[in-house]
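Chemist: structure here, sequence nowhere to be found:
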């Protein structure tokens, strides 16, 4: 996964802000969403990211996988990311 060419990303104390420069829309990711995005951009698989979240936060592995899938779906629906 990679960011769409029209998207810029800035990390903040509260997570990450994404700006789609073509549309002018902003998105704010909380710290967990930011962690998911950064790991996916670094090349981790959704399964690896979910396993890390489950271990870090004591989540049910399926819940973590569903949450990672939801983040991916929302990023794609907003045209913020593309498959690499």
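Modeler: Ah, there it is. This is a predicted model, so every value here is computed, not measured. Numbering: from 1, shown residues only.

Chemist: just checking, residue 37 is part of a helix?
Modeler: Yes. Counting by DSSP: H, G, I helix; E, B strand; the rest coil, residue 37 is part of a helix.

Chemist: hang on, it packs against residue 28?
Modeler: No. Judged on Cβ atoms under 8 Å, residue 37 makes no contact with residue 28 at a distance of 11.7 Å. (Glycine included, C-beta is placed from N, CA and C.)

Chemist: now the common contact residues for those two.
Modeler: residue 16 (Cβ atoms under 8 Å, 6 or more residues apart in numbering).

Chemist: with neighbour numbers in mind, choose between those two.
Modeler: Comparing residue 37 with residue 28 by other Cβ atoms under 10 Å, the one with more neighbours is residue 37, at 23 against 12.

Chemist: spit out the contact partners of the residue nearest to the spatial centre of the chain.
Modeler: Nearest to the geometric centre of the chain sits residue 37, at 2.8 Å (Cα atoms, centre = their mean). Listed by Cβ under 8 Å, 6+ apart, the contact partners of residue 37 are 9, 16, 29, 71, 75.
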